[in-house]
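Student: Below are the sequence and a predicted model; questions follow.
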Amino acid sequence: MDCQYLEDLHELFLLGALAEQDEIKLREHVATGCPRCAERLGEAALTLFAILQSPRPLRNDPGARARLLRRLRAK
Amino acid sequence: MPDEVATPELLSRLVAREEGALGLLYERLGPPLRGMVARILTSQEEVEDVVENSFLELWKQTAQKTSVKASVEVWLTLAARDLAVERLRAARKSPRRKLSPPSLDSAWLPDSSEFALFARRRELVRNALGVLPASQRAVLDLAVYRGRTEEEMADLLHKPLGRLRDELRATLRYVRQRLHALMGTWTANI
Ligand SMILES: [Zn+2]
């Protein structure tokens, strides 16, 4: 299927920023298994990942790992 | 020390349900996630909660697996961002539906070799993003860190929706093309 017109939507789709009708259109199209859109989604994921890497890392709180494992065991 | 064990090895242990491996992954991958989530949420408690929840979700999603193909760095980042933005949206009673972080099974997620390629060029990528004009950066931040939709952004910035869309999509296209140029072969194996 020709999906050239969806070309620029994948990043915004992953961000949940599209208008509802665009989001539905893309979701339904991706569900058909379009290889081009699968590639675009991968590219979009990496693009967003790159953007989300720009904030400076913050060190974990002391004790945070122990708390995570406590929560895990409490599940 | 945690850094002696490679991430893929920790992932295998995680898949084998070794709780300690989750703790070690948290030590290693937690700091960039905290930094990112702190751009979205202000309460330190909420930031910590979201970061922990993304690791607990990782634990849950690896329950029935024998291996993980997707880059866990990329998946955790997208998942933590979505969980954080969901809270923002809930706090402002946004009419938008819940965000659903991608499944770790999604075949389109970048794999660990694509992540490695990215990681080697991290500084170049950072520099490329650093040169975005402030106005483009501001719109991008609204979408990425404030969880705004295109329609909400047009309202907030008093711009016609069509123009806002064109500008935002052009900015993302620019970032994508810069990444392509920096990473060269990133889609060569798809
Ligand atoms: Zn397509």
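Tutor: Right, received. Where do you want to start? Numbering: from 1, shown residues only, chains lettered A, B, ... in the order given.
Student: Give me the domain ranges for chain B.
Tutor: Using automatic domain parsing, the domain ranges for chain B come out as B:1-106, B:121-190.
Student: Lowest average pLDDT across those domains?
Tutor: The weakest mean pLDDT among the domains of chain B belongs to domain B:121-190, with a mean of 88.
Student: For residue B:124, see how far away residue B:184 is.
Tutor: Distance of residue B:184 to residue B:124, given as Cβ to Cβ, to the nearest Å: 11 Å. Yep, even glycine has a C-beta here, placed from its N, CA and C like the rest.
Student: between these two, who's got more neighbours?
Tutor: Neighbour totals were compared for residue B:184 and residue B:124, and residue B:124 leads with 15 against 10 (other Cβ atoms under 10 Å in any protein chain shown).
Student: Quick check, that one in contact with residue B:182.
Tutor: Yes. The pair formed by residue B:124 and residue B:182 meets the contact definition of Cβ atoms under 8 Å, at 5.0 Å.
Student: Residue B:129: neighbouring residues, count only.
Tutor: Residue B:129: 18 surrounding residues under other Cβ under 10 Å.
Student: should've said residue B:154
Tutor: Using other Cβ under 10 Å: residue B:154 sits among 18 other residues.
Student: and it, helix, strand or coil?
Tutor: helix (DSSP: H, G, I helix; E, B strand; the rest coil).
Student: Contact partners for it?
Tutor: Residues in contact with residue B:154 (Cβ atoms under 8 Å, 6 or more residues apart in numbering or on different chains) are B:160-161, B:163-165.
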